[in-house]
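Novice: When you get a sec, could you give me coordinates for this:
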Amino acid sequence: MAKTYLGGRPSKGPRKQLPARLPLDMATEIEDRASALEISVTEYLVRVLGDHLSSTPRPDNGQGALLPYNLEGLSKTA
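Specialist: Numbers count the residues shown, from 1 in each chain. A predicted model of the protein is given here:
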């Protein structure tokens, strides 16, 4: 299994492993996009997630209670 790391600096210790286990090529692409914008990976992911959530209507359960967002497919947005 390929290692799937994202964020952190090798000089400051080991890189954090993401619980979702992104494929290494996707993690590299996210790092490259953040680097191109000259922002941190965390800030980039917050922006992408915010854009995704603000453009996705939040479903309700038919009784007015909001349900959690379905984030499946979010990686295609990044």
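Novice: Give me the helices and strands touching the lowest-mean-pLDDT helix or strand in the chain, please.
Specialist: Among the helices and strands of the chain, helix 41-54 carries the lowest confidence by mean pLDDT, DSSP states H and E, at a mean of 82. Contacts defined by 3 or more CB pairs under 8 Å, 6 or more residues apart in numbering; DSSP states H and E place helix 41-54 against helix 24-36. All C-beta atoms are positioned from the backbone trio N, CA, C, and that covers glycine.
Novice: Can you report how many residues lie near the nearest residue to L45 once chain neighbours are set aside?
Specialist: Using CB to CB, 6 or more residues apart in numbering and skipping the chain neighbours, the partner closest in space to L45 is I30 (7.1 Å). Using other CB atoms under 10 Å, I30 has 20 neighbouring residues.
Novice: Also S54?
Specialist: Residues lying near S54 (other CB under 10 Å) number 7.
Novice: quick one: contacts for it?
Specialist: If you count contacts by CB atoms under 8 Å, 6 or more residues apart in numbering, S54 has none.
Novice: Please tell me how far it sits from I30.
Specialist: Counting by CB to CB, to the nearest Å, the gap from S54 to I30 is 19 Å.
Novice: Can you get me the start-to-end distance on stretch 29-49?
Specialist: End-to-end distance of stretch 29-49 (CA to CA, to the nearest Å): 16 Å.
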